[in-house]
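A.B. asks: Below: sequence and its predicted model.
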Amino acid sequence: METKKRQPIGVELVKRGIVTQKDIETALQYQREHPDKKLGDILYRLNLCEPNKLIEQIGDIIGEKGILLTGERIKVRLTDYFSLDVAQKNKVVPFEVISGKIKVCFANTVNSKNMNTIKLLLLNKGLVMDSYITFEDDIDRILKSMEGEVTTDFNVSTDSNDTIIRISR
């Protein structure tokens, strides 16, 4: 497989008219102070351009499908496929299942180990993974909103001595 050398993502985004050189300079300054953040996530966080166009173009540049993941797009329950801990560790959110294919958003598709882990978990459930990329802030926000939901799925019965008798789901 032939790999072509691509321009830095900031250069590509400027070429495509998504951001200006000044926007990139602003984002790079922010990145110096927050070195763990990716350029696309910074442009999104600083609201320097239209989010839908930004994530679609980032996806195109890196060879993935980019999508702005919102709560309204999520049509499945994450914990039906893997635990919240696995989702947080891998920065991943499944959002739709159609005909045996599950659409899954990642904050980072460069980490093939994380993607393979999720792919195998889903294959074990009989589903083929269709991967997408989205902003890390959106993944974090969605996963944070799910914290605590897991425990509300359980009904705990106790006797008069507060001894747990049964846990049902």
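C.D. replies: The structure has been received and is ready for your questions.
A.B. asks: how about the residue nearest the centre of the chain, what does it touch?
C.D. replies: Computing the C-alpha centroid of the chain and ranking residues by CA atoms, centre = their mean puts F106 first, at 3.4 Å. By CB atoms under 8 Å, 6 or more residues apart in numbering, the residues touching F106 are 90-92, 114-115, 118, 131-134, 139. In this view, the C-beta of every residue, glycine as well, is placed from N, C-alpha and C.
A.B. asks: Output the below-cut-off pLDDT ranges for the protein.
C.D. replies: Scanning the chain for pLDDT under 70 picks out 1-5, 149-169.
A.B. asks: now the strands: where do they sit in it?
C.D. replies: With strands called from DSSP state E, the chain shows them at 65-66, 92-98, 101-106, 128-133, 155-158, 164-168.
A.B. asks: For those strands, could you give me JSON lines that also reports distance to I55?
C.D. replies: Shown next, in JSON lines, are these (distance: least, CB to CB, whole Å):
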{"stretch": "strand 65-66", "distance to I55": "4"}
{"stretch": "strand 92-98", "distance to I55": "14"}
{"stretch": "strand 101-106", "distance to I55": "10"}
{"stretch": "strand 128-133", "distance to I55": "7"}
{"stretch": "strand 155-158", "distance to I55": "40"}
{"stretch": "strand 164-168", "distance to I55": "41"}
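A.B. asks: Give me the neighbour count for E72.
C.D. replies: Other residues near E72 number 7, with proximity taken as other CB atoms under 10 Å.
A.B. asks: ugh, typo on my part, it should be L69
C.D. replies: Other residues near L69 number 22, with proximity taken as other CB under 10 Å.
A.B. asks: ok, it to Y44 distance?
C.D. replies: From L69 across to Y44, the span is 12 Å (CB to CB, to the nearest Å).
A.B. asks: do the same with Q29
C.D. replies: Here the criterion is CB to CB. By it, Q29 lies 16 Å from Y44.
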